[in-house]
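*Asks:* After the sequence you'll find the predicted model.
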Amino acid sequence: MGKPYSLDLRKRVVSAIEGGMSRNRAAKQFGVAISTAIGWMQRVEETGSVEPGQMGGHKPKAVSGDHAVWLSQRIKDGDFTIRGLVAELAGRGLKVDYHSVWDFVHAEKLSFKKKRGGWRTRSTRGRAAASPVDKISRSRRS
C-alpha cells in the first residue's frame, strides 16, 4: 500500500491554487497528478483541511456479541458444517459469508477433524494378512 503525500506538499499545492494558479498548472509545477490536486482542493472545500484520511485499520469481526455466544454454543452442541452455520445465522438475522464463519470457528479453536489414523490399522477385507518377515520361505539351494 502506498503512503500519502506529505502534508507540506499538500499545503503548497493548495496555497498555489488558492493564490490564483490553475489546478493543472499547480499539479505540473509540484509534480503530482492533476486528479490529485483536484482531489486535495475538494477535500479542503469539504473538510477545511488537506490532511489525509485514515488508511487501513482494523475491520471488526462479522460474528460478535450475542451471535458469537450463540454460535459457540451451537458448535459445542453437535455436528455442524460451515455452510449450515451460515444458513442458521441468516435465519437469526445475521448475514455473513462462509469465510467469516470459518474464521470464527478456527479462531475459537472449535473445529472438528476426523480421525484419519484408524484406517491404516484396519485389516484389509478379503485379503490374506501379510506374513511376518521371519516366516518368509528360504531359497531351495540350502
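*Replies:* Structure's in. What do you need? Numbers count the residues shown, from 1 in each chain.

*Asks:* Now do Leu89 against Gln73, distance only.
*Replies:* Per C-beta to C-beta, to the nearest Å, Leu89 is found 13 Å from Gln73. Yep, even glycine has a C-beta here, placed from its N, CA and C like the rest.

*Asks:* Please say which of the two ends up with more neighbours.
*Replies:* Per other C-beta atoms under 10 Å, whichever of Leu89 and Gln73 has more neighbours is Leu89, with 21 against 9.

*Asks:* and that one, what does it touch?
*Replies:* Shown in contact with Leu89 (C-beta atoms under 8 Å, 6 or more residues apart in numbering): Val63, His67, Leu71, Lys95, Val96, Val101.

*Asks:* Kindly report the same for Trp70.
*Replies:* By C-beta under 8 Å, 6+ apart, the neighbours of Trp70 are Arg92.

*Asks:* Could I get the buried residue list for the helix or strand hosting it?
*Replies:* Taking DSSP states H and E as the definition, Trp70 sits inside helix 66-77. Neighbour-count burial for helix 66-77 flags His67, Leu71, Arg74, Ile75 (criterion: 16 or more other C-beta atoms under 10 Å).

*Asks:* and if you look at stretch 21-33?
*Replies:* Met21, Arg23, Ala26, Ala27, Phe30, Val32.
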